[in-house]
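In: have a look at this fold, sequence not included:
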């Protein structure tokens, strides 16, 4: 790992994108290099994806150790299967899909369904006052009551910004299933949030 100047702790330096390449093209080149067993390319992918995957996984598990375990598992899968990636989807869709499946396996293996919690939207976390804190608790409680598949779809759509088509690729299910999960999740939240707030 390398350090950037004026940092208090060890952090990985940002990876520069080659001039003239889009993000996906640059990542495709990294995948090509990884398929040739280039460890430096794998490290660059780790730098690119660690923060994104960590935020996503921490919202699902609330456990840093489990999030790091899934990230490492994900990059190991990338290392072992990069030669099979044909570019039918964006690299980000492929990698997040691997992380999604690894997370589900880890969560189910540890039988943590009942204790899983999602953080409220970042805009609420920074809010001040008791009302914002209560609203955050209501949202967390309501999200906690949703089936895990619906919560994951909400996270992929509204936190990571994936389209329904990309979520379908990530979760290996039809687009209509994704839309149905999002529909039911939003409808349930409309019922659960007033209940959490004590509104009859």
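Out: Yep, that arrived. Predicted model only: the values in this text are computed from it and were never measured.
In: give me the low-pLDDT residue ranges for this structure?
Out: For the chain, applying pLDDT under 70 flags the ranges 1-21, 108-141, 195-200.
In: try it again with 90
Out: 1-24, 55-67, 86-89, 100-162, 171-172, 185-200 (pLDDT under 90).
In: identify the residues contacting residue 71.
Out: Counting by Cβ atoms under 8 Å, 6 or more residues apart in numbering, residue 71 touches 49-50, 53-54, 57, 99. Any C-beta I mention is one placed from the backbone N, CA and C, and that applies to glycine too.
In: what helix or strand is it on?
Out: helix 64-81 (DSSP states H and E).
In: now do the buried residues in the strand or helix carrying residue 169.
Out: According to DSSP H and E, residue 169 maps onto helix 164-171. Going by neighbour count (16 or more other Cβ atoms under 10 Å), the buried part of helix 164-171 is 164, 166-171.
In: same thing with stretch 74-89?
Out: Buried positions in stretch 74-89, judged by neighbour count with 16+ other Cβ under 10 Å: 74-75, 77-78, 82, 85, 89.
In: and these as JSON lines, adding distance to residue 189?
Out: Putting those into JSON lines (distance: Cβ to Cβ, whole Å) gives the following:
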{"residue": "74", "distance to residue 189": "29"}
{"residue": "75", "distance to residue 189": "33"}
{"residue": "77", "distance to residue 189": "32"}
{"residue": "78", "distance to residue 189": "34"}
{"residue": "82", "distance to residue 189": "38"}
{"residue": "85", "distance to residue 189": "35"}
{"residue": "89", "distance to residue 189": "29"}
